[in-house]
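# model this:
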Amino acid sequence: MAKGWLLMKGIIPAISALVVFMLFVSSGRCLHFEYFPSGQSGGAAPFEHLWSFTANARAAGVGNAYTAGSDADSPYWNPAGISRIYYNQINVTNIALFLNTKFATVNMAVPIDKKNFFGMGMGLLSSGEAEKTDSTGRTFGNFSETSNSYIITYSRAISGEFAWGANIKILSQSIDNYSALFHTADLGVLYRYGADTTHGICLQNLIPTQYGSDRITPNLRGGLSQIFIPGRLTGFFDTYILEIFVKPVFRWSAGVEFRAIDNLILRGGLNHREFTLGFGLSSRRVTFDYALGIHPVDLVHKFSINLMYGFIPGEEEKIVLQQINGLETEKKLFHEKKRIETERIRAEREKLALETWSRVKLSIAEKHFESGDYKQAEKTLKEITSKDPQNNAATEMLKEINRLSQKDYLNNLYFESRELYKKTDYQGSLMGAKKVLSIAPDHRGASIVSFLSQSQLFLKDKKYNEAKSELMEMMKIDPKNEEGVALLKRIHTIIEIMEMTPK
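Numbering: from 1, shown residues only. The predicted structure is shown next:
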């Protein structure tokens, strides 16, 4: 048994994928769009609206590709779909079509236990009133047409991966005073391959039936749903053949569903008949879905409300709650890890961009520095350190520029003071020398100029002893300074003459 089940686990998804592929390849010549009002077949197959239209706005939003879907409305596509529900569900859908035509469905599904599921549903297609005439054109008032479908569903989960289901369908149609009732059945399977992939196959209308000149015959559907990003992005794809044993009519549909935020789901899809867009607003117990069918003739609005209540009886409720809480915790951890990783990547990108920018700017600053343009180099380096204060290379180069700039400034002041001394502007020379000494007290040349300038000023004011004192201090720094030696001799001579002159 174990080996047989393992063999089945490999065969079932392979068969499902093969069916979907064959249907898709077979329908290759029909992969074009046939625009006609939603809910009408365009003359392709009798009562097509009863099995290739839609039963809820969620499925409509993904192009009606729902053979591998799971909720209370799943029997419309595949009766095995209700085997994946945990709540009791009731779904109500309303669609306003063209020319006062309306389509509405009510479906419910109940999990009897963890393996057995039961569902019921009904659909109503009603047209607006039309004028009744005979072959001569005479009018006899108005008439309307209605088509009803009633579905009773049973599904059984064989394992956590595989389930089957069956529908009994009762169909009725009335036109004016004429009506008919007929029945048929569906059989479908659902297989979950891994955590992200679900395959669905359904053979509809197993019991052929006749209504006037129209004959309802079996249809074959194959579908696939694929989770691309857990909790975020899911894709759906269906291919199917109407009247497979009579005159095959090929159909296809595809769509995606994206959870933008926790309670908002966005959808898009397309099929042989229309483009679709939609969204869903969900809570744990209530879901509102909307879909828009886009046609050249008009836009078709589709609304659904899905109510969920109760749980699978017994211990299953605890299991489901644990699963839900576990998923919510995992989702929070996933989002937190994603946020941290996103921040890390952003910080790394910013750091890399800053390092690249700093290297370029530093290279420019080095060229200015080497050419002696310290001012422009300093400007570029300050731009670097304002954005990257930890850039050691830029900081060290700034220090070097400051040192060199200060040295050049002091040298310029010193040479200027010397020039002023030579021009006998001793006051200006003294001020320049003192300015140099205020920045660099050990500047030898500025000290000499300061003493010489001060001694000249004292000499001018006939303060010979003070002038002598200044020169003596200068001689301690540069005993061989010719200017100082000559001036000191001159002052000595003046002092000696003054001492020899009688008072």
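
# where does the stretch 101-250 of the chain have low pLDDT?
In the predicted model of the stretch 101-250 of the chain, residues 128-131, 133-137, 140-141, 143, 176, 211-213 satisfy pLDDT under 70.

# switch to 80 and redo it
Where the stretch 101-250 of the chain drops to pLDDT under 80, the residues are 101, 126-145, 173-180, 210-215.

# same check, this time on the stretch 351-500 of the chain
372-375, 400-410, 439, 499-500.

# That one: helices as residue ranges?
374-387, 392-422, 426-439, 444-460, 464-477, 482-500 (DSSP state H, counting those that start in this stretch).

# Which of those sits closest to Asn205?
helix 374-387 (71.9 Å; Cβ to Cβ). In short, each C-beta sits where N, CA and C put it, glycine included.

# What lies in contact with that closest one?
354, 357-358, 361-362, 364-366, 368-369, 391, 394-395, 397-398, 401-402, 404-405 (Cβ atoms under 8 Å, 6 or more residues apart in numbering).

# Of those residues, grab the buried ones for PyMOL.
Selecting only the buried entries of these in PyMOL, with 16 or more other Cβ atoms under 10 Å as the criterion:
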select buried, resi 358+361+362+364+365+368+369+391+394+397+398+401
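
# Quick check: which of the helices of the stretch 351-500 of the chain is buried the most?
When you average the neighbours per residue for each of those (mean count of other Cβ atoms under 10 Å), helix 444-460 leads with a mean of 21.

# Now for Pro479, how many residues are close by?
9 (other Cβ atoms under 10 Å).

# tell me the phi and psi of it?
phi -60, psi -20 (degrees, to the nearest 10).

# where's it relative to Ser453, distance?
19 Å (Cβ to Cβ, to the nearest Å).

# what's the answer for Gln322, then?
Gln322 is 95 Å from Ser453, by Cβ to Cβ.

# How about Asp298?
102 Å.

# Which strand runs longest in this protein?
Longest strand of the chain, by residue count under DSSP state E: strand 178-193.

# Quick one: distance of that one to the chain centre.
Once both centres are worked out by Cα atoms, centre = their mean, to the nearest Å, strand 178-193 turns out to sit 40 Å from its chain's centre.

# which is the next helix or strand following it?
Going down the chain from strand 178-193, the next helix or strand is strand 197-204, by DSSP states H and E.

# Tally up the residues packed near Ser159, please.
Neighbours of Ser159 under the rule other Cβ under 10 Å: 12.

# For the nearest residue to Ile207 once chain neighbours are set aside, give its distance to Gln210.
Distances taken as Cβ to Cβ, 6 or more residues apart in numbering put Thr184 closest to Ile207, at 4.5 Å, once the chain neighbours are dropped. Distance of Thr184 to Gln210, given as Cβ to Cβ: 11 Å.

# Please say which of these two ends up with more neighbours.
The residue with more neighbours, out of Thr184 and Gln210, is Thr184; 20 against 12, by other Cβ under 10 Å.

# is it true that that one touches Leu206?
Yes. Look at Thr184 against Leu206 with Cβ atoms under 8 Å: they come within range, at 6.7 Å.

# Let me see the ranges of the strands in the stretch 251-400 of the chain.
Assigned by DSSP state E, counting those that start in this stretch, the strands in the stretch 251-400 of the chain fall at 264-271, 275-282, 286-294, 299-309.

# Could you pull up the contacting residues of the spatially most central residue of the chain?
Nearest to the mean C-alpha position of the chain, counting by Cα atoms, centre = their mean, stands Ala260 at 8.5 Å. Residues counted as contacts of Ala260 (Cβ under 8 Å, 6+ apart) are Leu266.

# And the strands in the stretch 51-200 of the chain, which stretches?
88-96, 102-111, 116-126, 130-133, 139-143, 145-157, 162-175, 178-193, 197-204.

# how close does Leu362 sit to Gln390?
13 Å.

# my bad, Leu97
Where Gln390 is concerned, Leu97 sits at a distance of 68 Å (Cβ to Cβ).

# So which of those two has more stuff around it?
Leu97 (23 against 8).

# Would you agree the more buried one is in contact with Leu299?
No. Counting by Cβ under 8 Å, Leu97 sits too far from Leu299 to count as a contact (11.0 Å).

# rewinding a little: which residues do Thr184 and Gln210 both contact?
Ile216.

# Can you tell me the element Thr239 falls in?
Using DSSP H and E, Thr239 falls in strand 233-242.

# Please identify the buried residues of that strand?
Quick answer for strand 233-242 (16+ other Cβ under 10 Å): Thr234, Gly235, Phe236, Phe237, Asp238, Thr239, Tyr240, Ile241, Leu242.

# follow-up on the earlier one: give the contact list for the residue nearest to Ile207.
Contacts of Thr184 by Cβ under 8 Å, 6+ apart are Lys169, Leu171, Gln204, Asn205, Leu206, Ile207, Pro208, Thr209, Ile216.

# Before I go, just wanted to say thanks for your time.
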